[in-house]
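# Got a sequence here, can you model it:
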Amino acid sequence: MLSITIDIVILQIIITKVKMSLKFSFIHGLSNAIDFENMITLSFRSRYVQLMDT
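Numbers count the residues shown, from 1 in each chain. The predicted structure follows:
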């Protein structure tokens, strides 16, 4: 019985670590996507301003 309890606790720890890893990966990916969107927006904005100046 003790062995099963220990196995369950170990499994819960592993699941928690996997969840944390997935959350970190998602947040990192989302951050990269936002940076990419901002880069594109700034690029188009600077081109638009250049066109308006000419």
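
# tell me the pLDDT at Met1?
Looking at Met1, its pLDDT stands at 65.

# Same question for Thr54.
Checking the pLDDT column for Thr54, the value is 62.

# for Arg45, same thing?
81.

# and it, what does it touch?
By CB atoms under 8 Å, 6 or more residues apart in numbering, no residues touch Arg45. C-beta: built from backbone N, CA, C; applies to glycine.

# Next, report how far the helix or strand harbouring it is displaced from the centre of its chain.
According to DSSP states H and E, Arg45 maps onto helix 2-53. How far helix 2-53 lies from its chain's middle: 0 Å, per CA atoms, centre = their mean, to the nearest Å.

# And the pLDDT at the residue nearest to the spatial centre of the chain?
For the chain, the residue nearest the mean C-alpha position is Ile27 (2.3 Å; CA atoms, centre = their mean). Looking at Ile27, its pLDDT is 88.

# measure it to Thr41 for me?
Between Ile27 and Thr41 the distance is 21 Å, computed by CB to CB, to the nearest Å.

# What of Leu22?
Using CB to CB, Leu22 is found at 28 Å from Thr41.

# Over to Phe26?
Plainly put, Phe26 is 22 Å away from Thr41 if you go by CB to CB.
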